[in-house]
Every structure is written in structure tokens, then in C-alpha cells.
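[1] Sequence and computational prediction follow.
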Amino acid sequence: MKMNIKWLATLCLTAVMTGFYSCDNDDNRSYSGSLDLNLLSLTQARDVWTGSECNVSTALMKNEVKAKNFSYKLSVSLYQNRKAAQDAVVDIVIDKDSLNKAIAKANGGGVYAKYAGVEILPEDLYFLSSNKMTLHAGSVKSEDISVLVYAENLISLVQQKEKDMTFVLPLKITESSSYGINGKVNALMLFFNVTYVKPIVHEGPEFEPDNSEVPTTLDGLKLAFSEEFRKNGEPDWDVWRWEDGFQRNQELQWYQKGNVMVKDDLLVIEGKEERVKNPNYEAGSSDWKKNREYAEYTSSCLITKEYRFRKGRLLVRAKIPTAMGAWPAIWTTGGSNDSWCWEWPLGGEIDLLEYYLVGGKPSLHANACWGSNTRWSGKWKSYNRPLSEFVAKDKLWEEKYHIWRMDWDDDYIRLYLDDELLNEIDLKNTTNGTGGLDDWWRGSYRNPFTDAGNSGEKFGQCIWLNLALGSNGGTPDLSSFPLKYYVDYVRVYQ
């Protein structure tokens, strides 16, 4: 199977004297037969003018050095950099018509051959600082404006498409307030040749789903629940439910059903850069779930629909995304099948995995939480360790599958990663406070993790699998999108 590699990006910029004849589709109407010294030019087009073309080509590809956004400076000036006798204001436009004419001629070969298969650079991948330039009287050149190109996003787009692509941004000056415009050097074609880099695929059992027979017993315990994700398509909605919309922690993602699928014996949760209209939007609202008109990211969160358990061993084998902005989790919360009779955190929370920043460092967490004396505020027994410590021991850690495990008995909850004990929670210390409710029937003063504390037949912990974005996960690194969180299996032994 194809494995995700955390690639970074680099770029190299080279001026290439190949391109579009006369820069503007042979349109020389504003260029007179006799030499006119009072014609305005796009300075950068004139700088690369070879007598037949004025193009600049930029090569982009994924590599080991991260790309930075970059910009081109643009200005207007008169022939031979003569001083202007009067002010001149020109518009600068994205000249789609000329580009389309060049594309239409591509099959004819010659200077137009390079336009075969090109696409105009999408609007969200660049920023033009102004649509006007002014050459002031007494000056030889206007003040610069800039075209900022979002290199990482452009590279990420091509990696998603999984093919080499060429984009063009056609720029042209028009509508001069004084002086004519030189039709030979009034336009500049910016080419972006982006090479797709196929991710490296590692081989071995640590990099692939485990399709071996599922053990029915383990360390004296019997298999009570198993999700192996062996059937392609949507998850089994008789077993799982999903969340919709904004949910917690002022995270960036809009949760939706469509970002999760079962493929190649894996549950795949995908985090995307994708704009979604917020139907609950209220301008000026103080509620973060309502004051965002759009979500700019989407993802999925699954929760066991009916199944809940108390005590035993929970095993989840998964490969997590570790790019900046990712917040994958494997966790459980207490409640009942009838209702959330004990609100969070009185029902208890157990985090086998959370992955987010601590002091700016990506870290792996293993925690448990129960009710304090304040409503919606928990007491925590927490643990975290920087990802860098795991990678220092195994440079391919991020590309491998790992097993997150919880062992829960009468006295302790123990949380492991690949059989290494990360956190031990003594259940003598996990009795709820008031929870701000002072109501024994809703969990106050009770212990969510012991039989004595919650003896209800239907009470137990449900299982959550989700990929949050932003918030504690940090600002998303768009060059790594889409993010993919792979879950191989979920098993409970009791």
C-alpha cells in the first residue's frame, strides 16, 4: 500500500527565455511602425524580452528543504528608462484571454507548444498586492507591486493530483492614463513547472495492515469487541456514529461523514483544506461555533454507537499524521446507551492517544480525567512525551503502525504505547467532585471508573477515533495536506 511520507518542499527559480511571442498574442496595435520613446512597458517583461517573448519559468518540486512563499516585483517604466514628464497610471490584470489563445494554438507547435496542457494558476495560490501602478512625473520607474506565490500550497496541489503539472499566471498592463503602452512588452507570462514526487513506500509488517487471524483470547481475556475494517466503503454505521460541524476546543475542522472511509483493510480519516459554509453563522456572535462564516478545513470523528465497556483491554493499531496542525486521538468517554446521563467529565475520559503541541513541541499524550468541583472542568492524571524522542530511537517511527493499549482492572488503568507503560492511574484517586451539579444521580461524588461508582448495567466507556485540526495541534502545514489517519483495528478483550 502507499505510505504517507512527511515531505518538505524546495523551489528553484530560473529565468527561461522561452515563451509567448510578443508577450501578448502578437497584438502590436499600440506599437507604431516608427520608434516612439513615450511608450510604457512592464519593466520585468522588457528585462526578459528576446525579440519574440517575455516569460519567466519557475521549477517546483518536493524535496528535503521546505519551500517558502516567494514573490515577483513588478513595475512600469518608459523606453530606455527615460524620466516621465507627467504622471501615468496603468491597470495590471490577469490576462486570461491571451493565455486561452496561446493554449488554443498549442497543438500547432512552435513557440506555442509549451502551452499544451497548462492551467491558469488558481486564484487562491497567489496574491497581487495592487491592480494599479503609478509612474510619477520625474521618475524613471513606478513603485513596485508584488505577486506573492504560495509555493507550498502549489506543490501540495500537485502531490494530491499525483502528476506533473504546469501552471501559468498571465500578467498585462492596460488602460494608461497618459502615454501609450508598448504592445511588445506589456505582458509577462509566469510559468510554474511543478514536478510530482512519488512518496517512498516502505515494506515490512510495521508499515502495513495486520491481516492475520484475530486472536479470540489474549492473556486470559476473551475477545468482546472487534472492528477489523476488512470491507471497503463506508464504515459500519450499525457500529459507529459520526459527528457534524464544529464541536470542541475552537478547532478549525468541520466534522462530516464524508471524510472517513474503509479502504485496503484500513479505516482512513482524512483532514482536508476545504471550505464549508457554516449554517449556524451569526455575525458578531461571541460563540466560536457561530461567529465563523466558513470552516476552512474538514475531517471526521467516529464514536461507537451502542457499544460501551468497563474494564478489560482495549487495543488500537494505527498510523497517525504528525504534520503541524494534526491532532489525532484515540479516547473513551463514560455514559450510557440511553443518554449522556453523566455529562463530561463526570462520566470519565481516558485518552490512549492524543497528539498535539506542548511548549511548541509535537508530543504524544496518555491521560485520564474525571470530575472536579467545577462544572465542565476535570481533574487530570496526564502524561506527555515529545515525538522527537520516539523518532530519535526510530527514524521511521512516523511511517509505522503502532499499538495503543489500555489495561483496566479493579484498581488501575494503565496506558501503553507499543507495550511501553506511559501512564498509570490509581482508581482510588478518581472519585468525582461535585461537577458543579451536587447531584449524585448525575455523577457527583461517584467514581466513573469503578463498579462501585457506576454499577448501572448499561453504563460504560464508548470509543472515539478522530482527527482534529488546529487549536492545540498548531497552525496547519498545508504542504502536508491532505492529512490521513489510518486505523488498522479496534479490539476489546475482557
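    Looks like it arrived, so ask away.
[2] count of residues packed around residue 247?
    Using other C-beta atoms under 10 Å, residue 247 has 14 other residues around it. The way it works is simple: take the backbone N, C-alpha and C, and place the C-beta from them, glycine included.
[3] Likewise for residue 333?
    Using other C-beta under 10 Å: residue 333 sits among 21 other residues.
[4] now residue 312
    Neighbour count of residue 312, defined by other C-beta under 10 Å: 17.
[5] Backbone dihedrals for it, please?
    Taking degrees, to the nearest 10, you get phi 110, psi -160 for the backbone angles of residue 312.
[6] which ones are touching the closest residue in space to it that isn't next to it in sequence?
    Here the nearest residue to residue 312 in space, its sequence neighbours aside, is residue 494; by C-beta to C-beta, 6 or more residues apart in numbering that works out to 3.5 Å. If you count contacts by C-beta atoms under 8 Å, 6 or more residues apart in numbering, residue 494 has them with 221, 222, 224, 309, 311, 312, 313.
[7] Quick one, which of those residues are buried?
    Taking 16 or more other C-beta atoms under 10 Å as the criterion, what is buried in those is 221, 309, 311, 312, 313.
[8] Return the set of residues that bridge with the fourth one.
    What it means is residue 312. Beta-bridge partners recorded for residue 312 (DSSP bridges): residue 408.
[9] Just give me the longest helix of the chain.
    The longest helix of the chain (DSSP state H) is helix 151-161.
[10] Could you list the low-pLDDT ranges of the stretch 1-150 of the chain?
    For the stretch 1-150 of the chain, applying pLDDT under 70 flags the ranges 1-36, 64-67.
[11] Now do the strands for it: every range, in order, please.
    Assignment of strands within the stretch 1-150 of the chain using DSSP state E, counting those that start in this stretch yields the ranges 8-14, 39-42, 55-63, 70-74, 76-78, 88-94, 119-120, 126-128, 132-135, 145-149.
[12] Now for the buried ones among the contacts of residue 494: which two are most distant?
    221 and 309 (11.7 Å; C-beta to C-beta).
[13] Residue 472 should be in a strand, yeah?
    No - secondary structure assignment (DSSP: H, G, I helix; E, B strand; the rest coil) places residue 472 in helix, not in a strand.
[14] what's the neighbour count on it?
    16.
[15] Ok, residue 373 next?
    Neighbour count for residue 373, taken as other C-beta under 10 Å: 13.
[16] cool, residue 131 as well?
    By other C-beta under 10 Å, the residues close to residue 131 number 11.
[17] Surely it touches residue 89?
    No - contact between residue 131 and residue 89 fails when scored by C-beta atoms under 8 Å: they sit 11.0 Å apart.
[18] So what pairs up with residue 73 in the strands?
    For residue 73, the beta-bridge partners are residue 146 (DSSP bridges).
[19] tell me the domain ranges of the protein?
    As recorded under the TED database, the domains making up the chain are 40-195, 205-493.
[20] Out of those domains, which gets the lowest mean score?
    When these are ranked by mean pLDDT, domain 40-195 comes last with a mean of 91.
[21] Run the chain-centre distance for it.
    Computed by C-alpha atoms, centre = their mean, to the nearest Å, the chain-centroid distance of domain 40-195 equals 28 Å.
[22] please renumber so the chain begins at 90
    Yes, from this point I'll number from 90; that puts the last item at domain 129-284.
[23] From the opening residue of it to its closing one, how far?
    36 Å (C-alpha to C-alpha, to the nearest Å).
[24] and residue 300, what element?
    Using DSSP states H and E, residue 300 sits within no helix or strand.
[25] And the next helix or strand past the one helix or strand residue 282 maps to?
    Assigned by DSSP H and E, residue 282 belongs to strand 276-284. Sequence-wise, the next helix or strand downstream of strand 276-284 (DSSP H and E) is strand 306-307.
[26] Neighbouring strands - and their directions - for that next one?
    strand 310-316 (antiparallel).
[27] other SSEs contacting the helix or strand just after the partner strand?
    Following strand 310-316 in sequence order, the next helix or strand is strand 329-331 (DSSP H and E). Packing contacts for strand 329-331, counted by 3 or more C-beta pairs under 8 Å, 6 or more residues apart in numbering; DSSP states H and E, involve strand 390-393.
[28] Tell me the strands beside the strand it packs on, with direction?
    Applying DSSP bridges, strand 390-393 is found paired with strand 329-331 (antiparallel), strand 548-558 (antiparallel).
[29] for the stretch 440-583 of the chain, what spans make up the helices?
    476-482 (DSSP state H, counting those that start in this stretch).
[30] outside of stretch 368-382, which residues touch it?
    In contact with stretch 368-382 (C-beta under 8 Å, 6+ apart) are residues 334, 335, 339, 366, 367.
[31] thought the third one was touching residue 560?
    It stands for residue 339. Yes - using C-beta under 8 Å, residue 339 is in contact with residue 560, at 5.6 Å.
[32] So for the two, which sits in the more crowded spot?
    Shown here are residue 339 and residue 560; by other C-beta under 10 Å, residue 560 has more neighbours (17 against 11).
[33] so who does the more buried one touch?
    338, 339, 340, 341, 416, 445.
[34] Swap in 6 Å and give it another go.
    Listed by C-beta atoms under 6 Å, 6 or more residues apart in numbering, the contact partners of residue 560 are 338, 339, 340.
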